[in-house]
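> Give me the fold of what follows.
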Amino acid sequence: MNSFISRIGGKCLDVLSNIKGKFVLSYNDCDFIRELYKNFKIIEVSRNNNLNPKLYHKPYFELIIKTF
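Down below sits the predicted model:
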């Protein structure tokens, strides 16, 4: 697991767990993020990878994490 993702994911979870409002968050799909945010609503989405022309036709998987 990338230590940057671990640090940032944990900090975001701490902040988002204590807010009173609603939020929507997007992350790359991985087991660590799924486990970290398992108590929130998680929606799986895929899209074409338009950031890299060589990978345009390969699906890119993300998680939409929200409280509502």
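
> Could you use CA atoms for every contact and neighbour count after this?
Fine.

> Do I have it right that Pro59 meets Asn50?
No. Contact status for Pro59 versus Asn50: not in contact, 9.6 Å apart, counting by Cα atoms under 8 Å.

> any residues in contact with both of those two?
In terms of Cα atoms under 8 Å, 6 or more residues apart in numbering, Pro59 and Asn50 are not both contacted by any residue.

> Assign a three-state SS to the closest residue to Ser26 other than its chain neighbours, would you?
Residue nearest to Ser26 in three dimensions, not counting chain neighbours: Ile64, with 4.6 Å by Cα to Cα, 6 or more residues apart in numbering. Counting by DSSP: H, G, I helix; E, B strand; the rest coil, the backbone at Ile64 sits in strand.

> got the contact list for Ile64?
Ile64 touches 24-27, 42-45, counting by Cα under 8 Å, 6+ apart.

> same thing but 10 Å
24-29, 40-45 (Cα atoms under 10 Å, 6 or more residues apart in numbering).

> could you measure it against Leu36, distance?
Using Cα to Cα, to the nearest Å, Ile64 is found at 13 Å from Leu36.

> cool, and Asn52?
Using Cα to Cα, Asn52 is found at 28 Å from Leu36.

> and these two? which has more neighbours close in?
Between Asn52 and Leu36, counting by other Cα atoms under 10 Å, Leu36 is the more crowded of the two (13 against 10).

> ok, back up a step: mind giving me the ChimeraX command for buried ones among the contacts of Ile64?
Selecting only the buried entries of those in ChimeraX, with 16 or more other Cα atoms under 10 Å as the criterion:
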select :29,42
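
> Strands - which of the contacts of Ile64 land there?
Counting by DSSP state E, these place 24-28, 41-45 in strands.

> Of the residues you listed, which pair is most distant in space?
Asn28 and Lys41 (15.3 Å; Cα to Cα).

> Just the C-alpha atoms of the top helix by length along the chain, please, in PDB.
Longest helix in the chain, counting residues (DSSP state H): helix 3-17. C-alpha atoms of helix 3-17 as PDB (Å, rounded to 0.1, in the frame of the first residue of the first chain):
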ATOM      1  CA  SER A   3       2.100   5.300   2.300                       C
ATOM      2  CA  PHE A   4       0.800   8.600   0.800                       C
ATOM      3  CA  ILE A   5      -2.600   7.000   0.200                       C
ATOM      4  CA  SER A   6      -2.600   5.600   3.700                       C
ATOM      5  CA  ARG A   7      -1.800   8.900   5.300                       C
ATOM      6  CA  ILE A   8      -4.200  11.000   3.200                       C
ATOM      7  CA  GLY A   9      -7.000   8.400   3.300                       C
ATOM      8  CA  GLY A  10      -6.800   8.200   7.100                       C
ATOM      9  CA  LYS A  11      -6.800  12.000   7.500                       C
ATOM     10  CA  CYS A  12      -9.700  12.400   5.200                       C
ATOM     11  CA  LEU A  13     -11.600   9.800   7.100                       C
ATOM     12  CA  ASP A  14     -11.000  11.600  10.400                       C
ATOM     13  CA  VAL A  15     -12.300  14.900   9.000                       C
ATOM     14  CA  LEU A  16     -15.200  13.400   7.100                       C
ATOM     15  CA  SER A  17     -16.400  11.300  10.000                       C
END
